[in-house]
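A.B. asks: Provide a 3D model corresponding to the input given below.
(4 chains)
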Number of protein chains: 2
Amino acid sequence: MVGTMKPLIPSDATSTAKRAGAEPGREDLSLHDEILARLRDHIVEGSIPGGGRVPERQLCEMLGISRTPLREALKVLASEGLIELLPHRGARVRQLNEHDLGELFEVMGGLEGLAGRLACENITDAEIAEIERLHYEMYGFYLHRDMHGYFRVNQLIHQKIVEAARNAVLLGTYASFAGRIRRVRYSANFARKRERWGEAMREHEAILDALRRRAGSELSDILFEHLRNKRTAAVEYLRAGNLLPPGPD
Amino acid sequence: MVGTMKPLIPSDATSTAKRAGAEPGREDLSLHDEILARLRDHIVEGSIPGGGRVPERQLCEMLGISRTPLREALKVLASEGLIELLPHRGARVRQLNEHDLGELFEVMGGLEGLAGRLACENITDAEIAEIERLHYEMYGFYLHRDMHGYFRVNQLIHQKIVEAARNAVLLGTYASFAGRIRRVRYSANFARKRERWGEAMREHEAILDALRRRAGSELSDILFEHLRNKRTAAVEYLRAGNLLPPGPD
DNA sequence: TCCAGCCATGTTGCATTCAATATACTCGGT
DNA sequence: ACCGAGTATATTGAATGCAACATGGCTGGA
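C.D. replies: Residues are numbered from 1 along each chain as shown, chains lettered A, B, ... in the order given. Okay, the predicted model is just below:
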C-alpha cells in the first residue's frame, strides 16, 4: 500500500516542535506547501496506488500532521486533477482511462507546439547548441538501444524547448500536465517498437532542424504530431494490458 | 471594498441550518465547492478589488461560513493563480502586470491554436454553420460599432471552437485561463482602435475560412496570431493607464 | 436460503480553539 | 524631533472536537 512513505517528522516529535530539517531546501515553506509537494511527489511517483482507498487519518499519521493541512492539500491536488474527491467517501488517486489519456496527450501536444513556436522567437544560439548536444547524446542511447537513457534525455530536450519559450505560465502549465501523465508516459516508454522508435528519432531530427531554422509554425506542427504519435504508442501499450487503462483495478 | 458581496445565507441562520436554496442549482454541492465557485465568480467579476486586503474573517461572515472551508477554497484559488497567498499576511487578488498578461495571452493563443487544430478534425457541419451565423451576427455588431455585442459574440465564437475540439481537458484549461484574464480582456475590449477592429474582423474571416476548409495547421497559426494581436491591443490599452497594469493600485 | 430494512462503526465535513507570526503602536534614547 | 527597540494586537496557521453521511454487518421476515 502506502507503507513506503516515510514520515515527514519523527513520530516522537510534538506538535509544536520545529520541523526544520525535515526536508532540506523546503524548510521555509509552510506545512501546507510541504504536504502538497510531498503528496504530489508520491502520487506522481506512484507510491500511492491508483484507486486504492487511503483514509485521511492514515495519511495524517504517515505525514505526522493533522487533518487540516492535509485536507487543504487534497483539495488542491483534486483541482489539479491528480486525485478525485468523492463526497464523504474520501480521496482516490485518479485513474486515467484511455480517453483521458488521449485528451491529456493532445493538450500536451498543444503546449509543446506553443513552446516550440515561442522558442523559435526567443531561443539563443547557446541553447540550440545545448539541445543539439542532448540530441546527439540521445541518438547514442538510441543506437545502443538504451531505453532508459534515451527517455531521460528525451524529456530533457522537451523540457529545454519549453524553457526556451521564456514563458513562466507555460512552463508551469506544462509541468502540471507532465505530472499528470508521468507514470503512464514513463511506462509507455517501454512500449516502443523498433519502427516507432526510429520514427520518433526522425521526428526529433525534424524538430532540431526546424529549431535551427527558427521555423516556429513548422516546429509547432511537428511537435504536435510528435506528441500525437507518442499518445498512440502509449495508448497501444496500455491497451495491451500492461497498465491500468479503462476499468477499475 | 467588498461590500457588494451578498451573504450566502442570512446572518441569523445557525451553523447547522440547511443551506438549501442558497443558490438554486448548487444545493447538492458541498460547502467547499459552493464557496469555491462563489469566490471565483466574485474575483473574476471583479467584485473583490485587486490588491485589496480582505481578511479571512470578513469573508467568512460575508459568506456565512467558518474559516475551514474558506481556507480550502483559497488554497485552490491560489493554485489556479487567481489569488496569491502571502504567508501570515493573507490573500490578495492577484494583480496582473504587463508581463504576466503577455504570458497569459500567449498561452491562451496556444490553447486556442490547439483548439482550432482539433476542431478541424472533429467539428460537424452544423457547428460550422452555427459559427458562421455567429460570425455574421458579430459582423453586424461591427458595422454598427456595437462594442459590447461584438465582444460577447466574439467570445462565443472562440468558445464554440474550443468546444468543437472535443477535448474536455482542453475545455477546462481554457476556461481556467479565460477566467484569469477575463477582467482585463473585457476592459481591453474598449481599447480597440478603428484599424485594429477592422484587422480583427479580417482575422475572423480568415478563421472562418480555415475552419470551413478544415485546415487545422493553418487555423492554428491564425488563431495564435489573432490572440497575439489581442494581447498587443490589451497591453497598449493597459499601458495607457486605463487599468491596473504594473504598479500597486 | 435469500433479501430487505435497521443499526453500528468508521470516515468525512465543518466549526471551534489554540499557537505562531506579522503589523502597528508606544516608549526610551540620541 | 527623529529613530530604533520592545510590546500589544490582530490575523493567519494548525489542531482538535462534534455532527452528518456512507459503508458493512446483523436481524427478521418471506
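A.B. asks: Contact partners for A:S176?
C.D. replies: A:E80 (CB atoms under 8 Å, 6 or more residues apart in numbering or on different chains). The C-beta positions use only the backbone N, C-alpha and C, and glycine is treated the same way.
A.B. asks: now it: how far from A:I131?
C.D. replies: 23 Å (CB to CB, to the nearest Å).
A.B. asks: Quick check: A:A178 touching A:F105?
C.D. replies: No: using CB atoms under 8 Å, A:A178 makes no contact with A:F105, being 11.1 Å away.
A.B. asks: Tell me which of those two has more neighbours.
C.D. replies: A:F105 (25 against 19; other CB atoms under 10 Å in any protein chain shown).
A.B. asks: ok, and for the lengthiest helix in chain A, which residues are buried?
C.D. replies: Secondary structure of chain A read by DSSP state H shows that its longest helix is helix A:98-122. For helix A:98-122, a neighbour-count test (16 or more other CB atoms under 10 Å in any protein chain shown) marks A:100-120 as buried.
A.B. asks: Name the nearest residue to the residue in chain A positioned nearest to DNA strand D, ignoring sequence neighbours.
C.D. replies: The nearest approach of chain A to DNA strand D comes at A:L31, 2.6 Å away (CB to the nearest atom of the strand). Sequence neighbours aside, A:P69 is the residue nearest to A:L31 in space, at 5.0 Å (criterion: CB to CB, 6 or more residues apart in numbering or on different chains).
A.B. asks: Tell me if the one you found really is in a strand.
C.D. replies: No: counting by DSSP: H, G, I helix; E, B strand; the rest coil, A:P69 falls outside a strand, being helix.
A.B. asks: how near is A:A168 to B:V93?
C.D. replies: In terms of CB to CB, A:A168 sits 19 Å off from B:V93.
A.B. asks: more neighbours, those two?
C.D. replies: B:V93 (23 against 12).
A.B. asks: Give me the phi and psi for A:R166.
C.D. replies: phi 60, psi 50 (degrees, to the nearest 10).
A.B. asks: From A:L114, how far off is it?
C.D. replies: According to CB to CB, A:R166 and A:L114 sit 12 Å apart.
A.B. asks: One more: A:D209?
C.D. replies: A:D209 is 19 Å from A:L114, where distance means CB to CB.
A.B. asks: Can you name the next helix or strand after the least confident helix or strand in chain A by mean pLDDT?
C.D. replies: Here the helix or strand of chain A ranked lowest by mean pLDDT, DSSP states H and E is helix A:168-189, holding a mean of 86. The first helix or strand that comes after helix A:168-189 along the chain, using DSSP states H and E, is helix A:194-212.
A.B. asks: The helix or strand following that following helix vs helix A:98-122, what angle?
C.D. replies: Per DSSP H and E, the first helix or strand lying C-terminal to helix A:194-212 is helix A:216-237. Using axes from the mean of the first three to the mean of the last three CA atoms, to 10 degrees, the direction of helix A:216-237 lies 160 degrees away from that of helix A:98-122.
A.B. asks: Does anything pack onto helix A:216-237? Which helices or strands?
C.D. replies: Contacting helix A:216-237 under the criterion 3 or more CB pairs under 8 Å, 6 or more residues apart in numbering or on different chains; DSSP states H and E are the following elements: helix A:98-122, helix A:168-189, helix A:194-212, helix B:98-122, helix B:216-239.
A.B. asks: how about those, which one is nearest A:P49?
C.D. replies: Closest of the helices and strands packed on helix A:216-237 to A:P49 is helix A:168-189, at 10.9 Å (criterion: CB to CB).
A.B. asks: In PDB, could you pull the C-alpha coordinates for the closest one?
C.D. replies: C-alpha atoms of helix A:168-189 as PDB (Å, rounded to 0.1, in the frame of the first residue of the first chain):
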ATOM      1  CA  ALA A 168       6.700  31.000 -16.900                       C
ATOM      2  CA  VAL A 169       3.000  30.400 -17.200                       C
ATOM      3  CA  LEU A 170       3.600  27.900 -20.000                       C
ATOM      4  CA  LEU A 171       6.300  26.300 -18.000                       C
ATOM      5  CA  GLY A 172       4.100  25.800 -15.000                       C
ATOM      6  CA  THR A 173       1.200  24.500 -17.000                       C
ATOM      7  CA  TYR A 174       3.400  22.100 -18.900                       C
ATOM      8  CA  ALA A 175       4.900  20.800 -15.600                       C
ATOM      9  CA  SER A 176       1.400  20.300 -14.200                       C
ATOM     10  CA  PHE A 177       0.300  18.200 -17.200                       C
ATOM     11  CA  ALA A 178       3.600  16.400 -17.400                       C
ATOM     12  CA  GLY A 179       3.000  15.300 -13.800                       C
ATOM     13  CA  ARG A 180      -0.500  14.000 -14.600                       C
ATOM     14  CA  ILE A 181       0.700  11.700 -17.300                       C
ATOM     15  CA  ARG A 182       4.100  11.000 -15.900                       C
ATOM     16  CA  ARG A 183       3.500   7.500 -14.700                       C
ATOM     17  CA  VAL A 184       1.900   6.500 -17.900                       C
ATOM     18  CA  ARG A 185       4.400   8.300 -20.000                       C
ATOM     19  CA  TYR A 186       7.200   6.500 -18.400                       C
ATOM     20  CA  SER A 187       5.800   3.100 -18.700                       C
ATOM     21  CA  ALA A 188       4.600   3.700 -22.200                       C
ATOM     22  CA  ASN A 189       8.200   4.300 -22.900                       C
END
